[in-house]
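Chemist: build me a structure from this.
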Amino acid sequence: MDSQWREKRLYPVLGICAIFFLLYLNFHDEFEFPVLVWNLPRIGFVGVNHTRFVLIEEDGNRESESEVYVNGWNSYWLMDESAQLGSSRRRVSEMLKRGSEMGLTVCRTWAFSDGPDPNSLQLRPGVFNERVFKALDYVLVEARKHGIRLILSLVNNLDAYGGKAQYVRWAEEAGVDVSSSTDSFFSDPTIKGYYRAYVKAILSRKNSFTGVKYSEEPSIFAWELINEPRCESVSSAPFLQSWITEMAAFVKSLDKNHLVTVGLEGFYGSKSTENYGANPGEWAASLGSDFINNSAIKDIDFASVHAYPHSWIPQADLEAKVKYLSNWADAHISDSENVLKKPLLFTEIGAPLSVQTDGSYDRDILLKIVYDKVYKSAKKREAGAGVLIWQLLVEGVEEYRDRFSLVASKYPSTYKLILEQSCRLRNMSKKGETDKSGKDPCYSKMSY
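Modeler: Numbering: from 1, shown residues only. Got it, this is the predicted structure:
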């Protein structure tokens with residue numbers, strides 16, 4: 001009987017199990033399994049207390065919270081890469097893992113991809129690609145696994161991944177009488193309706209792996225309304241200001257848990273502003289955005305600023321770029337502390353891999369300037385709250401490379417600089433979030 005039972009029942013079952021195991025080994029990234037929320041690390045939401053970020057206790061109290069200082073990075077490509085399935089998802093997980101190993105705590109990435117491309121998230125207004133939505137679900141789960149919070153940007157000012165130009169084309173295709181200028185994105189009621197519907201779909205999305213709504217997901221640090229808003233005509237500046245006011249309030253009406261920022265580059269639009277001279281040139285004031293006015297809107301929780309000396313003042317030598325960047329950082333930290341009275345994040349800072357005669361990299365020199373400015377501000381408990389380098393990659397995602405991208409492990413001096421900043425900001429927290437796994441890079445790799 002035992003022999004017959006093995007032959008008729010046990011062996012076939014073992015054979016089927018072996019087949020499934022082999023399939024899983026080869027294609028496990030394409031299998032989707034539910035994730036038990038209680039198996040994920042418990043992390044709290046981040047709030048604002050005056051000019052500082054804080055972890056919010058379960059009772060909602062902000063006064064006695066741990067302060068949060070951010071060392072982070074940009075990898076805009078996470079959703080796009082995750083949508084490819086297969087080994088692509090392993091690369092997304094690897095990027096988040098490496099960020100955590102450098103002590104980084106926040107990653108900024110795109111939560112948009114608009115247009116008819118089969119890999120777009122929003123194929124046409126209100127019509128979504130579920131496969132790509134699940135890719136974003138996956139990014140959120142993996143971020144939480146690795147203790148990373150995400151700043152999710154909701155639309156692009158640029159044409160890449162559709163951007164505001166795609167919204168204007170959709171309106172034109174629907175027979176709406178809009179101007180040919182993409183500035184109509186900020187003023188046309190139909191286009192604004194498209195954007196609001198998109199935002200509502202994102203915020204009300206229930207993660208297919210965890211069942212948690214995005215509006216209730218603590219691994220989201222903040223919503224960014226638009227990446228680098230600019231106007232084609234400075235006369236559209238009032239429309240941009242009104243758009244930010246309207247859309248920030250709309251996000252807040254749907255989501256009481258998360259912070260909201262604009263996504264500004266940080267240019268000063270008014271000559272009456274004390275720090276107008278910090279602009280990289282007169283051209284910066286003609287783009288319709290204004291760091292002070294745009295950031296001062298009530299429902300904007302923190303200010304954001306970018307820094308690209310090699311792009312903005314390309315003819316200047318390194319000494320001039322250093323001087324410019326130092327002044328740019330000082331101006332925005334001061335205005336955030338004294339005028340806006342809100343925290344400030346440098347959400348993009350990029351420099352190419354130029355090598356000086358002494359062997360140092362331009363990137364390290366410029367990044368250290370902003371790192372030091374933020375650390376100095378943090379020590380004073382002032383508004384400078386963090387920096388996000390643009391941008392980090394892992395091997396195998398070269399298609400997303402630009403002249404400011406790097407695989408950090410290939411540049412030991414940059415890697416060390418990033419890790420040192422992570423650790424000294426970690427030590428600025430009153431209580432901080434500890435890594436009970438014993439893998440905290442600030443304790444395993446450095447001594448403070």
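
Chemist: ramachandran coordinates for residue 221?
Modeler: When read as degrees, to the nearest 10, the backbone of residue 221 gives phi -80, psi -50.

Chemist: now it: closest residue in space, sequence neighbours ignored.
Modeler: Nearest non-adjacent residue to residue 221, counting by C-beta to C-beta, 6 or more residues apart in numbering: residue 149, 3.8 Å away. For every residue, glycine as well, the C-beta is placed using N, CA and C.

Chemist: that neighbour contacts residue 217, correct?
Modeler: No - between residue 149 and residue 217 there is no contact under C-beta atoms under 8 Å: 9.7 Å.

Chemist: which one of these two is surrounded by more residues?
Modeler: More crowded of residue 149 and residue 217, by other C-beta atoms under 10 Å: residue 217, with 27 against 22.

Chemist: neighbours around residue 343, how many?
Modeler: Residues near residue 343, counting by other C-beta under 10 Å, number 31.

Chemist: how about the one 4 residues further on?
Modeler: Around residue 347 sit 32 other residues, with neighbours defined as other C-beta under 10 Å.

Chemist: identify the residues contacting residue 291.
Modeler: 264, 266, 267, 268, 269, 303, 305, 332, 335 (C-beta atoms under 8 Å, 6 or more residues apart in numbering).

Chemist: how does it look with 7 Å?
Modeler: Taking C-beta atoms under 7 Å, 6 or more residues apart in numbering, we find residue 291 in contact with 264, 266, 267, 268, 305, 332, 335.

Chemist: check which helix or strand covers the nearest residue to the second one once chain neighbours are set aside.
Modeler: If I follow you right, that is residue 266. Excluding the flanking residues, the one nearest residue 266 by C-beta to C-beta, 6+ apart is residue 305, at 3.2 Å. Per DSSP states H and E: residue 305 is located in strand 303-307.

Chemist: next: residue 175.
Modeler: Using DSSP H and E, no helix or strand contains residue 175.

Chemist: so for it, what's the pLDDT?
Modeler: pLDDT, residue 175: 97.

Chemist: that one: neighbouring residues, count only.
Modeler: So residue 175, with other C-beta under 10 Å, has 7 neighbours.

Chemist: also the one 3 residues further on?
Modeler: By the other C-beta under 10 Å criterion, the neighbourhood of residue 178 contains 20 residues.

Chemist: cool, and the one 4 residues further on?
Modeler: Residues near residue 182, counting by other C-beta under 10 Å, number 22.

Chemist: distance check, it against residue 152.
Modeler: The spacing between residue 182 and residue 152, counted by C-beta to C-beta, to the nearest Å, is 22 Å.

Chemist: just for the chain, where's the confidence low?
Modeler: 1-38, 58-65, 356-359, 430-441, 443-448 (pLDDT under 70).

Chemist: now do the helices in it.
Modeler: Taking DSSP state H, the helices of the chain run over residues 2-5, 11-27, 78-82, 87-101, 130-145, 163-173, 189-203, 237-254, 291-295, 309-312, 318-335, 362-379, 412-426, 441-444.

Chemist: in the fourth one, what's buried?
Modeler: So the one you mean is helix 87-101. 88, 89, 91, 92, 93, 95, 96, 98, 99, 100, 101 (16 or more other C-beta atoms under 10 Å).

Chemist: what lies in contact with that helix?
Modeler: Residues contacting helix 87-101 (C-beta under 7 Å, 6+ apart): 29, 73, 75, 78, 81-82, 107, 138-139, 142-143, 146-148, 392, 394, 396-397, 441.

Chemist: next: the third one.
Modeler: Residues outside helix 78-82 that contact it (C-beta under 7 Å, 6+ apart) are 88-89, 91-92, 95, 109-111, 113, 119, 132, 135-136, 138-139, 397.

Chemist: likewise stretch 116-127?
Modeler: With contacts defined as C-beta under 7 Å, 6+ apart, stretch 116-127 is touched by 80, 83, 112-114, 128-129, 132-133, 162, 170, 194, 197-198.

Chemist: same question for stretch 43-54.
Modeler: With C-beta under 7 Å, 6+ apart, stretch 43-54 has contacts from 55-56, 62-63, 65-68, 144, 147, 149, 218-219, 221, 257-259, 301-302, 336-337, 341-343, 381-383, 385.

Chemist: and stretch 273-288, by the same measure?
Modeler: Here stretch 273-288 makes contact (C-beta under 7 Å, 6+ apart) with 230-231, 234, 236-237, 240, 267-270, 292, 312-313, 324, 327-328, 331, 335.

Chemist: next, the buried residues of that stretch.
Modeler: 273, 275, 276, 278, 279, 280, 284, 285, 287, 288.

Chemist: what's the answer for stretch 125-133, then?
Modeler: Neighbour-count burial for stretch 125-133, counted by 16+ other C-beta under 10 Å, picks out 125, 128, 129, 132, 133.

Chemist: over to residue 129: give its phi and psi.
Modeler: Torsion angles, degrees, to the nearest 10, at residue 129: phi -90, psi 110.
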